[in-house]
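> my questions are about this predicted structure, shown below with the sequence.
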Amino acid sequence: MSRVTLSRYLIEQTRSHNTPADLRFLIEVVARACKEISHAVSKGALGGVLGSMGTENVQGEVQKKLDVMSNEILLEANEWGGHLAGMASEEMDSAYQIPGKYPKGAYLLVFDPLDGSSNIDVNVSVGTIFSVLRCPDQYLTQNDSLNEQAFLQPGTQQVAAGYAIYGPQTMLMLTLGNGVKGFTLDRELGSFVLTHDNLSVPETTAEFAINMSNQRHWEPPVKRYVDELLAGKTGPLDKNYNMRWIASMVADVHRILTRGGIFMYPRDAREPSKPGKLRLMYEANPMSFIIEQAGGAATDGSQRILDIQPESLHQRVAVFLGSKAEVKRITDYHLEG
Ligand SMILES: O=P(O)(O)OC[C@H]1O[C@](O)(COP(=O)(O)O)[C@@H](O)[C@@H]1O
Ligand SMILES: [Mg+2]
Ligand SMILES: [Mg+2]
């Protein structure tokens, strides 16, 4: 069977699903940037890319060198192409205006340039998460700095989402709204090759992912649910469960996309003012779009994540996503109170 590269897949999508050419170009540019990030990540200590910058991002988190490098790679790759009206990133306080010398386009690109930062220095899989929105017309005509409001669209407005995972293989997982495809980087060719044609999250699972060290800080519905998972066959779920926690959202979500499971990052009492650790615009929304496109579910404990109307670029949200039956169970526990 001839190998279908990402480029060929996107051209076929343009013909079969009328994927606009500049969206196709956008995905190609992001994929090339992810190849460059993969190359930088794989150098590790040899590339002098490990360790911290000694700076903090808008989240108040210490920035790793690779956080900043990955951010710069994505900005430089995308700013000149004429396909974007603007960009926003975990690593930048405000929206990034396409420099005046370059043509502007109709899309907004929002990304977590390097997800799983705490794992970089210990050689555990990390990744890049991206989300594509259309720029609302009223902001396209403005010549002054791009208004952050343009980005504050619910996740249902995404036209594409994906992630790259830099693990034993470098892979790109992508949805354009008609299923989820997986591409594996062929380093000899330099191309992403279609290797996972239609990913589907099993409705039920026996595997859960949560950071158990926060257990004493959780709200009652989460405590109840995790206690039942731990009780296994001796409890009401009458099934033994396995646990995984990689502490790279891309890696935990990739496992769930591949073999099922439920991923949880609940809000907790450590920082009551923050509704969880993960960010809506460039972590929860793109991953929820992908999981739903693969037949899974994603809520914040009470509502579908993709329906949430964002109020700020870096707002956080609780995340429960993966196998539909388990996401429904913990969401019901929240609704029961
Ligand atoms: O270290 P914790 O509290 O378990 O949190 C792990 C979570 O934090 C994250 O690393 C946050 O993402 P960043 O690394 O991009 O900041 C997620 O990838 C991961 O799921
Ligand atoms: Mg992240
Ligand atoms: Mg990050």
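Cool, the structure landed. Numbers count the residues shown, from 1 in each chain. Ligands and ions are numbered 1, 2, ... in the order given.
> hang on, residue 80 packs against residue 102?
Yes: with contact defined as Cβ atoms under 8 Å, residue 80 counts as touching residue 102 (4.8 Å). Backbone N, C-alpha and C define where each C-beta goes, glycine included.
> please parse the protein into its domains.
The chain breaks down into these domains under automatic domain parsing: 6-196, 207-336.
> got CSV for those domains, with mean pLDDT and mean neighbour count too?
Output for these, formatted as CSV (pLDDT from 0 to 100; neighbours: other Cβ atoms under 10 Å):
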stretch, mean pLDDT, mean neighbour count
domain 6-196, 93, 18
domain 207-336, 97, 19
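> so which of those gets nearest ligand 2?
Taking Cβ to the ion, domain 6-196 is the member of the domains of the chain nearest to ligand 2, at 3.4 Å.
> quick one: the closest one to chain centroid distance?
Relative to its chain's centre, domain 6-196 lies at 10 Å (Cα atoms, centre = their mean, to the nearest Å).
> and residue 52, what does it touch?
62, 63, 64, 65 (Cβ atoms under 8 Å, 6 or more residues apart in numbering).
> got the phi and psi for the third one?
Pointing back at residue 64 there. phi -80, psi 160 (degrees, to the nearest 10).
> bridging residues for residue 166?
residue 126, residue 170 (DSSP bridges).
> skipping adjacent residues, who's closest to residue 34 in space?
Counting by Cβ to Cβ, 6 or more residues apart in numbering, the nearest residue to residue 34 once its immediate chain neighbours are dropped is residue 164, at 3.8 Å.
> which SSE is that neighbour in?
Assessed by DSSP states H and E, residue 164 sits inside strand 160-166.
> which other residues reach that strand?
The set of residues external to strand 160-166 that reach it, using Cβ under 8 Å, 6+ apart, is 23, 26-27, 30-31, 34, 37-38, 41-42, 115, 125-132, 170-177, 250-251, 253-254, 285-287, 289-290.
> how about stretch 182-202?
Residues contacting stretch 182-202 (Cβ under 8 Å, 6+ apart): 3-7, 9, 31, 35, 38, 169-174, 179-181, 256-260, 291, 294-296, 322-324.
> and it, end to end?
For stretch 182-202, the first and last residues are 17 Å from each other (Cα to Cα, to the nearest Å).
> so which of the contacts of strand 160-166 are in helices?
Judged by DSSP state H, these include 23, 26-27, 30-31, 34, 37-38, 41-42, 250-251, 253-254, 285-287, 289-290 as members of helices.
> how about the residues of the stretch 1-150 of the chain near ligand 2?
Contact residues, the stretch 1-150 of the chain versus ligand 2 (Cβ under 5 Å from the ion): 112, 115.
> what residues does the stretch 1-150 of the chain have near ligand 1?
Residues of the stretch 1-150 of the chain lying close to ligand 1 by Cβ under 6 Å from any ligand atom are 61, 90, 112, 115, 116, 117, 118.
> redo that, cut-off 8 Å
59, 61, 67, 90, 112, 114-119, 126, 129 (Cβ under 8 Å from any ligand atom).
> what about residue 196, distance to residue 175?
Distance of residue 196 to residue 175, given as Cβ to Cβ, to the nearest Å: 12 Å.
> then residue 307?
17 Å.
> now residue 17
Separation of residue 17 from residue 175 (Cβ to Cβ) stands at 12 Å.
> how about residue 200?
Counting by Cβ to Cβ - residue 200 and residue 175 are separated by 12 Å.
> same question, residue 281
Counting by Cβ to Cβ, the gap from residue 281 to residue 175 is 17 Å.
> so residue 92 lies in a helix, does it not?
No: counting by DSSP: H, G, I helix; E, B strand; the rest coil, one finds residue 92 to be coil, located in no helix.
> so, in contact with ligand 1 or not, the host helix or strand of residue 228?
In this assignment (DSSP H and E), residue 228 forms part of helix 220-231. No: counting by Cβ under 8 Å from any ligand atom, ligand 1 has no neighbours in helix 220-231; the shortest distance is 14.4 Å.
> in what helix or strand does residue 292 lie?
Residue 292 belongs to helix 285-293, assigned by DSSP H and E.
> tilt between that helix and strand 160-166?
Computed by axes from the mean of the first three to the mean of the last three Cα atoms, to 10 degrees, the angle separating helix 285-293 from strand 160-166 equals 100 degrees.
> contacts only, for the residue nearest to residue 27 when sequence neighbours are not counted.
In this structure, residue 27 finds its nearest non-sequential neighbour in residue 10, 6.0 Å apart by Cβ to Cβ, 6+ apart. By Cβ under 8 Å, 6+ apart, residue 10 lies in contact with 19, 24, 27, 28.
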